[in-house]
Structure formats: structure tokens, C-alpha cells
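Novice: the amino acid sequence is not available; the structure is as follows:
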């Protein structure tokens, strides 16, 4: 099982960009994901590979293990080490 955030971000997926990016348009992408998530029963999430966190997590109760989306977003990849049993497939 992957135990730290760094375990999820392999060198092939590393983002090599300036120290800080312009996040001014992120809300447009989040609103689009919110609209899409309302039209499907699937879990929808946006991963920010630059900051290594979640920008959006849909309110799908099966994906969230009973947590509110805000808590899942705050946990980020620590969610997997706390809630996903060893041997279960991980998302991402």
C-alpha cells in the first residue's frame, strides 16, 4: 500500500514548471467538473499534480467512505492510507 503522498507521484508524472502557476482559471474547471458530476453516478475528481492535492471531489457517497467532499479534499492522498485497505485497487 502506498503510505505517503510522494508514493503516488512517480517521476513519470512529475510536473516541472515554474515555482507557482496561475490558478486564476481553476474555478472554471471546477465548475465544469461539478456540472458533470451532477449528470453521472460516477465519482469525479480533479487532481492537481503541481501541488499534489485534489482540486475537486464529487459528493459520491460510495467513493467518499461516508466523508463529506470537503474532508476528502482536505485529506488528499492521506485518504488512501487511512480508508483504503491493503490489497484494494487505488484510484488515480
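Specialist: It's in. Since the structure is predicted, the reported quantities are computational estimates derived from the model, not experimental observations.
Novice: what sits up against the helix or strand where residue 31 lies?
Specialist: Assigned by DSSP states H and E, residue 31 belongs to helix 26-38. The contact list for helix 26-38, computed with Cβ atoms under 8 Å, 6 or more residues apart in numbering, reads 44, 45, 46, 55, 56, 58, 59, 60. For the C-beta atoms, the positions are set from N, CA and C on the backbone; glycine is no exception.
Novice: whichever helix or strand comes after that helix pairs with which strands, and in what direction?
Specialist: Once helix 26-38 ends, the next helix or strand along the chain (criterion: DSSP H and E) is strand 45-48. Next to strand 45-48 in the sheet, as set by DSSP bridges, lie strand 53-57 (antiparallel).
Novice: and whichever helix or strand comes after the partner strand, what's buried?
Specialist: For strand 53-57, the following helix or strand on the C-terminal side (DSSP H and E) is helix 61-64. By neighbour count on 16 or more other Cβ atoms under 10 Å, the buried set for helix 61-64 is 63, 64.
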